[in-house]
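Undergrad: Mind looking at a prediction? Sequence and model below.
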Number of protein chains: 2
Amino acid sequence: MTIDDIHEQILKKQSFLSVGLDVDLNKIPPHLLQTEDPIFEFCKAIIDATHDLAVAYKPNTAFFEAYGLKGWHALEKTIAYLNEKHPEVFTIADAKRGDIGNTSAMYAKAFLEDMNFDSITVAPYMGKDSVEPFLAVHDKFTILLALTSNEGAFDFQTKKTGDAELYKTVLETSKTWKNSQNLMYVVGATKAEYFKEIRKIIPHNFILVPGVGAQGGSLEEVCKYGINNKVGLLVNSSRAIIYASTGEDFAEKAREEAIKVQQQMADLLLDSQISRIVI
Amino acid sequence: MTIDDIHEQILKKQSFLSVGLDVDLNKIPPHLLQTEDPIFEFCKAIIDATHDLAVAYKPNTAFFEAYGLKGWHALEKTIAYLNEKHPEVFTIADAKRGDIGNTSAMYAKAFLEDMNFDSITVAPYMGKDSVEPFLAVHDKFTILLALTSNEGAFDFQTKKTGDAELYKTVLETSKTWKNSQNLMYVVGATKAEYFKEIRKIIPHNFILVPGVGAQGGSLEEVCKYGINNKVGLLVNSSRAIIYASTGEDFAEKAREEAIKVQQQMADLLLDSQISRIVI
């Protein structure tokens, strides 16, 4: 998948919504627990109910791994289902991996080749040779953690390294890596005021934005500073959509929540087009 | 498992060797590929041949995930085998995880509770609330990346954050986290000269040391600066031991390599005891 494919989909759906699939068996509708594969059935129902409103799905690998073999099987089924039924959507393995070169190559194989995700989230701490094996995979994206949405982001990410904060050093440094055109970045919506500076460093890359909704970030603020000429944003919502109801109507309620977000996004896209024309 | 249990095992075996299980089907003896579960059979044979020489085993999760469901199943079988047959050894899930709180809690459940590893490696980039869910698990250890053995370690880890390099800031900061007594750290053997400074910051914690052998670090140098009064080191070797031979004698050759390392370690333990007495 290319940046242009993603952009085209955003314009068509008037949405830059990513739906996070954080499947917790304690939170899904109880009637699904009777099925043979509750995790997959839940994901499938959410995808079926929202695929015309979302441009990306982001299974969070932790929530699958937490259920061992069954969870891993459900992850494989979920990505296979997305690739078969909805090949137009952008798929994100939210795995936050990163290790020495030969190990990162194994993770890249698992997620980008064998499971055929379009992208994977990667932690930057181990530097260049821990990220380049992901970047080497053709037509795939590596989504590097820059400034995350949690409180702990202030422990190290915003610490000054020389003149710039660590997350800015990560952004700048990563631009020098091989196949850096395949980079996207994670920047939390809870830190919307940082987007202005960030866009100066990475004007063209897509940014995956967690933290809208349950974590309290503002969609409007993020768009104000984050949108670029290809839109350049994938804003993720997990709990607010997928756990909108725990009744048998969960998929319908998830759709209602996704519609709300999509409509806000359509308005913001319109505003940004107007402001571009005005400028 | 407690620090004292690990220390006791080190004294008994006169070894602080961790054997890394990085199972690559392209590198294991071809005759194993005929078995139903080559990954597990390989791990089992290596464990059986070395368990009296090693105090820890470190399955690298990437190498299991790379084989999908079968790989995940082999990982579950390997840790179950270790826990059942060799409960005295310290087990390390080399997973390098780390995410926002509720996600890290899921990873902690998967590795420390369900699979019952004694420890897991964790990346520090996302800060306190991404690590504390691991630290909260009773009688388990969280092995935080500090200064890794790869070249990319110089991209961010050694960048100055104020007065100290980032890895020192990670060490200092992590000491303030809840249940920090459950912390161990990764420090690469390729950076042995850093151990002196590191031991000033974390005199008591165990350090997991990759990078001896294939990556070129010196065991003697590491010991010189890294040993503390509970030894405090787990030095890992993966490829040099597990791929000592690709013939039918692979387990025997792995044992021979492990004996070499163990004997070096026994000598270094003796030296360090003598130097302690002399001091």
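TA: Happy to help now that I have it.
Undergrad: Next, count neighbours for the closest residue in space to A:I202 that isn't next to it in sequence.
TA: The shortest distance from A:I202 to any residue other than its chain neighbours is 5.6 Å, reached at A:L171 (Cβ to Cβ, 6 or more residues apart in numbering or on different chains). Heads up, the C-betas are built off the backbone N, CA and C, glycines and all. A count of nearby residues for A:L171, using other Cβ atoms under 10 Å in any protein chain shown, gives 24.
Undergrad: Now A:L171: which helix or strand?
TA: Using DSSP states H and E, A:L171 sits in helix A:166-174.
Undergrad: what does the following helix or strand past that helix contact?
TA: Sequence-wise, the next helix or strand downstream of helix A:166-174 (DSSP H and E) is strand A:183-187. For strand A:183-187, contacts defined as Cβ atoms under 8 Å, 6 or more residues apart in numbering or on different chains pick out A:119, A:121, A:135, A:141-148, A:171, A:174-175, A:177, A:194-195, A:198, A:202, A:205-210, A:226, A:234.
Undergrad: Keep only those of these that are in helices.
TA: Taking DSSP state H, the ones among the contacts of strand A:183-187 that sit in helices are A:L135, A:L171, A:S174, A:F195, A:I198, A:G226.
Undergrad: Identify the farthest-apart pair in the residues you listed.
TA: A:L135 and A:F195 (23.4 Å; Cβ to Cβ).
Undergrad: for chain A, what spans make up the helices?
TA: Counting by DSSP H, residue ranges of the helices within chain A are A:3-13, A:38-50, A:61-65, A:68-85, A:101-108, A:128-135, A:153-156, A:166-174, A:195-201, A:219-226, A:239-242, A:250-278.
Undergrad: any chance of these in CSV, plus mean pLDDT and distance to B:A54?
TA: What follows is the helices of chain A, written out as CSV (pLDDT from 0 to 100; distance: least, Cβ to Cβ, whole Å):
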stretch, mean pLDDT, distance to B:A54
helix A:3-13, 97, 48
helix A:38-50, 98, 36
helix A:61-65, 96, 26
helix A:68-85, 97, 26
helix A:101-108, 96, 20
helix A:128-135, 98, 26
helix A:153-156, 96, 33
helix A:166-174, 98, 36
helix A:195-201, 96, 46
helix A:219-226, 93, 50
helix A:239-242, 95, 43
helix A:250-278, 91, 49
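Undergrad: From the ones you listed, pick the one with the highest average neighbour count.
TA: Across the helices of chain A, the average number of neighbours (mean count of other Cβ atoms under 10 Å in any protein chain shown) peaks for helix A:61-65, which reaches a mean of 26.
Undergrad: Geometrically speaking, which residue is the centre of chain A?
TA: Per Cα atoms, centre = their mean, the C-alpha nearest to the average position across chain A is that of A:L208, at 4.9 Å.
Undergrad: quick revisit: report all helices and strands that the helix holding A:L171 contacts.
TA: When contacts are defined as 3 or more Cβ pairs under 8 Å, 6 or more residues apart in numbering or on different chains; DSSP states H and E, helix A:166-174 packs onto strand A:141-147, helix A:195-201, helix B:153-156.
Undergrad: rewinding a little: would you mind giving me the PyMOL syntax to select the buried ones in the contacts of strand A:183-187?
TA: In PyMOL syntax, the buried subset of these is picked out as below (16 or more other Cβ atoms under 10 Å in any protein chain shown):
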select buried, chain A and resi 119+121+135+141+142+143+144+145+146+147+148+171+174+177+194+195+198+202+205+206+207+208+209+210+226+234
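Undergrad: tell me the pLDDT at the closest residue to chain B within the stretch 151-279 of chain A?
TA: Scanning the stretch 151-279 of chain A for proximity to chain B using Cβ to the nearest Cβ identifies A:G152 as nearest, at 2.4 Å. Looking at A:G152, its pLDDT reads 97.
Undergrad: Touching, it and B:P133? I think so.
TA: No. Using Cβ atoms under 8 Å as the test, A:G152 is too far from B:P133 to be in contact (11.0 Å).
Undergrad: contacting residues around the residue of the stretch 1-150 of chain A found nearest chain B?
TA: Among the residues of the stretch 1-150 of chain A, A:G127 lies nearest to chain B; the distance is 2.4 Å by Cβ to the nearest Cβ. Taking Cβ under 8 Å, 6+ apart, we find A:G127 in contact with A:T173, B:N150, B:E151, B:G152, B:A153, B:F154, B:D155, B:F156, B:Q157.
Undergrad: for A:K96, same thing?
TA: The contact partners of A:K96, taken as Cβ under 8 Å, 6+ apart, are A:T121, A:V122, A:A123, A:L145, B:R97, B:G98, B:D99, B:A123.
Undergrad: One more: A:L233?
TA: A:L233 makes contact with A:F16, A:F206, A:I207, A:V209, A:V222, A:C223, A:G226, A:I227, according to Cβ under 8 Å, 6+ apart.
Undergrad: Which strand residues bridge the residue lying closest to A:L145 once chain neighbours are set aside?
TA: Distances taken as Cβ to Cβ, 6+ apart place A:V186 nearest to A:L145, at 4.8 Å, with adjacent residues excluded. Partner residues in beta bridges with A:V186, using DSSP bridges, are A:L145, A:L208.
Undergrad: thinking again about what came up before, just the closest of the contacts of A:L233 to A:I79, please.
TA: A:I79 lies nearest to A:F206 out of those, by Cβ to Cβ, at 19.7 Å.
Undergrad: you'd agree A:D118 is up against A:P87?
TA: No. With contact defined as Cβ under 8 Å, A:D118 does not count as touching A:P87 (9.9 Å).
Undergrad: Show me which of the two is the more surrounded one.
TA: Ranked by neighbour count (other Cβ under 10 Å), A:D118 and A:P87 place A:D118 first, with 23 against 10.
Undergrad: how much space between that one and B:G152?
TA: Separation of A:D118 from B:G152 (Cβ to Cβ, to the nearest Å) stands at 24 Å.
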